[in-house]
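# Sequence and computational prediction follow.
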Amino acid sequence: MPAASGKRFKPSKYVPVSAAAIFLVGATTLFFAFTCPGLSLYVSPIIPAYNAVVFLFVLANFSMATFMDPGIFPRAEEDEDKEDDFRAPLYKTVEIKGIQVRMKWCATCRFYRPPRCSHCSVCDNCVEEFDHHCPWVNNCIGRRNYRYFFLFLLSLTTHIMGVFGFGLLYVLYQVEELSGVRMAVTMVVMCVAGLFFIPVAGLTGFHVVLVARGRTTNEQVTGKFRGGVNPFTNGCCKNVSRVLCSSPAPRYLGRPKAEQTVLVRPPFLRPEVSDGQITVKIMDNGIQTELKRTKSKGSLEVTESQSADAEPPPPPKPDLSRYTGLRTHLTLATTEDSGLLGKDSPPTPTMYKYRPGYSSSSSSAALPHSTSAKLSRVNSLKEPNSICDSGHKPSYRSEPSLEPESFRSPTFGKSFHFDPLSSGSRSSSLKSAQGTGFETGHLQSIRSEGTTSTSYKSLVNQTRNGSLSYDSLLTPSDSPDFESVQAGPEPEPPVGYTSPFLSARIAQQRETDLHGRFASAASPKHAVPREPSPVRYDNLSRHIVASIQEREKLLQQTPAPGQEEDAGLADSGIQSTPGSSNAPRTSSSSDDSKRSPLGKNPLTRPALPRFGKPEPPPALRVRSLGSPDQPAAPHLGKSMSYSSQKTETEEVALQPLLAPKDEVQMRTAYSKSNGQPKSLGSAPPGPGPVPLSSPTRGGVKKVSGVGGTTYEISV
Amino acid sequence: LCPQVHSLQELRRSASLATKVFVQRDYSDGTTCQFQTKFPPELESRIERQLFEETVKTLNGFYAEAEKIGGSSYLEGCLACATAYFIFLCMETHYEKVLKKISKYIQDQNEKIYAPRGLLLTDPLERGMRVVSFGQVQIEISIYEDRCSSGSSSSGSSSSSSGGGGGGAGQ
C-alpha cells in the first residue's frame, strides 16, 4: 500500500486489514488442516487442490489490491501550477463525448483533477479513476488496482462458497467419525464463512453491476449519473473487457527520473515568421489573456448554468505580465482577508449534462485566440469582450516595469492613469510580489468588477481597496466557506496559496469585466473628455463611502427624494422599495453622473436598481454578495452607453456578478461628478449636490459599515 | 547528480529556460490518453505548426496502442493470473513496453527537431526537476531563451511570445 505522506502512524487504520487477513488466512488454514484431510481421503483429493488454487488466487489478488499503487498522481510542481493557481477558476469544464464534465481544482495536489479522478482524504492523494478507499485492504482502489480488487472479490466469494460447501459436505455426510475436534473446527469455519459470505457477496454483486455499467463506486455513490448520461461507458462488453483485459497502467510515482541528455544550444532555428503572424501574435497576447479571463468567467458561467465553455482553455500562457497581474489579485486578496472568502460554492449542478449543442462550439480548438472563437465561447460577455480584446488589454497598467507589459502598451493606446502606489501598502507579497506598482495599478483597474456568486469560493471585491473594505463588511460570515467544499481531510492549504487563486479568479473575472468596460470606454461613443486628473481609486472608494453617507443625510433632510429619483429612474425597471432610501439615492447618484457627462442622456440604467436591497445603512449600502439581481442581466448594451465615464464603463458585462462593484462604480461616478461641477439635470434637488459633494473634499469621515466595522475616510 | 549539474551548467551557459508551455490532455474521448493537437500560441514563432502536430499525433498513437485492449493484453492478463502475478516481477507489461517506445521517440524528436529550435519536449510520464509530470496528464514543452546571442534578444523576458519577437530579432 502506498505510504501515507508523512502522517503519523495510526494503528487504527490497520485494524480492518489485519482483521480481514487474519480471518481469511486463519479460517482457510483451519479448513485445510481439519476438514480437508478427511475430505481428500473419503471424497476426493481434488477438493483440497481446488481449494488451494482458489485460495492462492484470493491471496494474490488481495495482495495486489493492498500493495499496488492505485494510480496516484504526483503533486504538481511549481512550474506547472503557478499559472493555474493564480488565475484559475475552481472548475474547468471539458467536454467528453458531448457531455460537459467538470474538472475541479485540487488545492492539495495543485492541478485540475482529470475526469474520474478524485482526492482520497485518507491517503491524501489524488487517484486516477478513483473508485473508493477500501479499509479492508487499507488502500485506495483506483485505475491500476481496480481489476485486482474486483478479482479479489470474485475469488473470495468463490472461496467462501467453496469452504462453506465442503465443510457442509463434511459435516452432513459425516465423512469420518464425529471426532469432536474436527467437527467442531469445521463448524466454526463454516460459521465464519457463512457470516462473511453475505457482505462479500453483496459487495461483489454491486461491483459486477458497476463494471457492467462502466461506473466507479464514487460515481455511483455520489449519484453523478443519476439524471444524466455516463460519458465513460463504452457498452457492457467493452467495459468488462476494459476492466479485466486491459494492460495494467503504469504508476506515476516513484519512477526513476530520466536524465536530460539532449542539450539545447543556440543558435536556434526559427520558422519563417510573417508580419501577419506577428501581428496576430500580439493580438493573441491581448486576446488570450482576455480570453483566459473570459475563460474563467465562462467557466464560472458553466458552473452556474452548465452552459458555455466546454473547450479546455488554451495552455497557460507563461508570461510574466499575466503572472504579475495575477499577483496583484493575489496580494490584495491575501492582504485583505482570507476570511473574505465570500461565496459558498453554489449548489453543485449535476456534473454531467448532455449538451450536444456545445460540442461544435467547444471543439473549435483550432484558434482559441481568435476573436470569433472567443466570441463563441463567451456567453454573457460577448459584446464587451469582443470590443475590448482588440481595444483594451491591460494597457491601464501604468508601470512598464515588466517587459511583457510594455510591449503590450504600444498596441493599445491608453490614457488612463492609475496611481500605482496608492494601494501598494496593502499588497503584501503572497508568493513573491513582483512589480507592486504595476500590480496595484492593475488591481485598481478591476475594481468595478462585481462579485461572482458562483462556485468560486472566494472574495468579491478583493482587488480594490475601497471595495475591499466594504466587501469584507458584506460577507463577514462567508469566510469559513473556503475549504468546506473540498474533500474533508484535505489539509487546509496555506492561506497564501489557496485563497489567492480563488480571489484571483474573481479578480480575473472582474478584470474581464473591466476590460469590457474599458473597451466600451475606448469606443468613441461620447465626446466628453476624460478627467484630466489621475484617479486615485483608493481614495475614491472612500469618497464614495463618504458621499453615500452624505447622501443619507441629505435624504433624511429632504422629505421625498423618491420622486426625483423616480423621475430620473424612469426606465429603470427595478426599484427598491420606497422605504429604502438608499436605492433611489444611489441610483440617482449614478444617474446624475451619467447624465452629466452624456448631456442629459435619458437614464437608462436599469442596472442601478439592482441595488434595491436596502440594508440598514450606516453609510454603506452594500448588496449581499450572494444575490445578484436577475433583472440586471441584460445590460450590455446599456452599459456601453456609459462609456463616457471611466467608472461607468467599468459597468458590468456580467451584471449579476458585479453588483457590489457596480455600486462602487455608481458611487465613484457620483463622487466624481460631485467633485466636478457638472450639471446634474433632474438630479436630486439643488442643495443635494452641494452637501453631497462636500465630503469629497472634507477631512476625515468616520464610516461604520455593516458588521460594525468602522473606518475613517480621509478625503 | 554530477553529470546532471554539468549539463545544466552547460545549458545555462548557452541557453536558459525561458518558459514552459503545457499541452493539455484531450478528454473528448473519455479517459483515454490523448493530447490536444491544438497549436499553442507561444510556439508560433518557434516551430512549424505541422511538426508540432505531427509529434503530438504520433504520441497519441502510441498511447492508444498502449491502452489497446486486444489479444495480447488479454493473454498477458491470463498469464498473470495463472502465475499469481509473479510474472510481473520478470516481465514488462505491454503498457510499459510502449512507454519505453514513447520515451525513445521523444528523445529522438528532441534531438532532431526541438532542441535545434530551442525547445525541449518532456515525456509526460517523467518527473524532472522543473518538469511537472503528473502522469500523462499533459505534455510540457520547455522553451529556452537564447541568452548568449545579441543582447537585444536576451531581454530576460519570460514571455515566450514577447521573447519570440525579441528572439527572432536577436537571432
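Good, I have the coordinates. All values reported here derive from a predicted model rather than from experimental measurement.
# in the chain, which helix has the most residues?
No chain was given, so I picked chain A. Secondary structure of chain A per DSSP state H: the longest helix is helix A:180-213.
# look at chain B instead
Assigned via DSSP H, chain B shows its longest helix as helix B:49-66.
# Strands of chain B, residue ranges please.
All strands of chain B, identified by DSSP state E, fall at B:15-24, B:119-122, B:138-146.
# how about the longest helix of chain B as CSV, C-alpha atoms only?
The C-alpha coordinates for helix B:49-66 follow below in CSV (Å, rounded to 0.1, in the frame of the first residue of the first chain):
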residue,chain,number,x,y,z
ARG,B,49,2.8,24.1,-36.8
GLN,B,50,2.9,20.9,-38.7
LEU,B,51,5.9,19.5,-36.9
PHE,B,52,4.3,20.0,-33.6
GLU,B,53,1.1,18.5,-34.7
GLU,B,54,2.8,15.5,-36.1
THR,B,55,4.6,15.0,-32.8
VAL,B,56,1.5,15.1,-30.8
LYS,B,57,-0.4,12.9,-33.2
THR,B,58,2.3,10.3,-33.0
LEU,B,59,2.3,10.4,-29.3
ASN,B,60,-1.4,10.0,-29.3
GLY,B,61,-1.0,7.0,-31.5
PHE,B,62,1.5,5.5,-29.1
TYR,B,63,-0.8,5.9,-26.1
ALA,B,64,-3.7,4.5,-28.0
GLU,B,65,-1.6,1.5,-28.8
ALA,B,66,-0.6,1.1,-25.1
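# In it, which residues are buried?
Buried positions in helix B:49-66, judged by neighbour count with 16 or more other Cβ atoms under 10 Å in any protein chain shown: B:51-52, B:55-56, B:59-60, B:62-63, B:66. From N, CA and C alone the C-beta is placed, and that goes for glycine too.
# same question, stretch A:207-224
A:207, A:210-211, A:213-220, A:224.
# need the contact list for A:Phe197.
A:157, A:160-161, A:164 (Cβ atoms under 8 Å, 6 or more residues apart in numbering or on different chains).
# Tell me how far it lies from chain B.
Separation of A:Phe197 from chain B (Cβ to the nearest Cβ, to the nearest Å) stands at 23 Å.
# What pLDDT is listed against that residue?
Listed pLDDT for A:Phe197 reads 95.
# how close does A:Thr93 sit to A:Thr29?
The spacing between A:Thr93 and A:Thr29, counted by Cβ to Cβ, to the nearest Å, is 53 Å.
# Compare these two (neighbour count), which wins?
For A:Thr93 versus A:Thr29, neighbours defined as other Cβ atoms under 10 Å in any protein chain shown are more numerous around A:Thr93 (28 against 12).
# Tell me the bridge partners for the more buried one.
Here A:Thr93 shows beta-bridge partners A:Arg102, assigned using DSSP bridges.
# so it touches A:Ile99, yeah?
No: using Cβ atoms under 8 Å, A:Thr93 is not in contact with A:Ile99, being 10.3 Å away.
# just to confirm, which helix or strand has A:Ser40 in it?
In this structure, A:Ser40 sits in helix A:36-42 according to DSSP states H and E.
# pretty sure B:Ser73 contacts A:Ser246?
Yes: under the criterion of Cβ under 8 Å, B:Ser73 makes contact with A:Ser246 at 5.8 Å.
# Could you find the closest non-adjacent residue to A:Leu154?
Nearest residue to A:Leu154, sequence neighbours excluded (Cβ to Cβ, 6 or more residues apart in numbering or on different chains): A:Thr204, at 6.1 Å.
# one step back: what's the least confident stretch among the strands of chain B?
strand B:138-146 has the lowest average pLDDT among the strands of chain B, namely a mean of 58.
# What mean pLDDT does stretch B:63-81 get?
Rounded mean pLDDT across stretch B:63-81 is 88.
# State the distance spanning the first to the last residue of that stretch.
End-to-end distance for stretch B:63-81: 24 Å, by Cα to Cα, to the nearest Å.
# Identify each buried residue in it, please.
B:63, B:66-69, B:73, B:76-77, B:80-81.
# export those residues to CSV and tack on distance to B:Gly118?
Shown next, in CSV, are those (distance: Cβ to Cβ, whole Å):
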residue, distance to B:Gly118
B:Tyr63, 26
B:Ala66, 30
B:Glu67, 32
B:Lys68, 35
B:Ile69, 40
B:Ser73, 39
B:Glu76, 41
B:Gly77, 44
B:Ala80, 44
B:Cys81, 49
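# pLDDT below threshold where in the chain?
As the question left the chain open, I've gone with chain A. Within chain A, the stretches with pLDDT under 70 are A:1-8, A:78-88, A:175-179, A:228, A:257-268, A:270-543, A:545, A:557-715.
# Chain B was what I was after
Looking at chain B by pLDDT under 70, you get B:1-20, B:126-171.
# before we move on, the earlier item: please identify the buried residues of the longest helix of chain A?
Buried-residue list, helix A:180-213, by 16+ other Cβ under 10 Å: A:182-183, A:185-186, A:189-190, A:192-193, A:196-197, A:200, A:203-204, A:207, A:210-211, A:213.
# Stretch B:104-119 and chain A, are they touching?
Yes: residues of stretch B:104-119 contacting chain A under Cβ under 8 Å from any Cβ of the partner chain: B:107, B:110-111, B:114-119.
# Filter the buried residues of stretch B:63-81 down to just the ones in helices.
Using DSSP H, the buried residues of stretch B:63-81 in helices are B:63, B:66, B:73, B:76-77, B:80-81.
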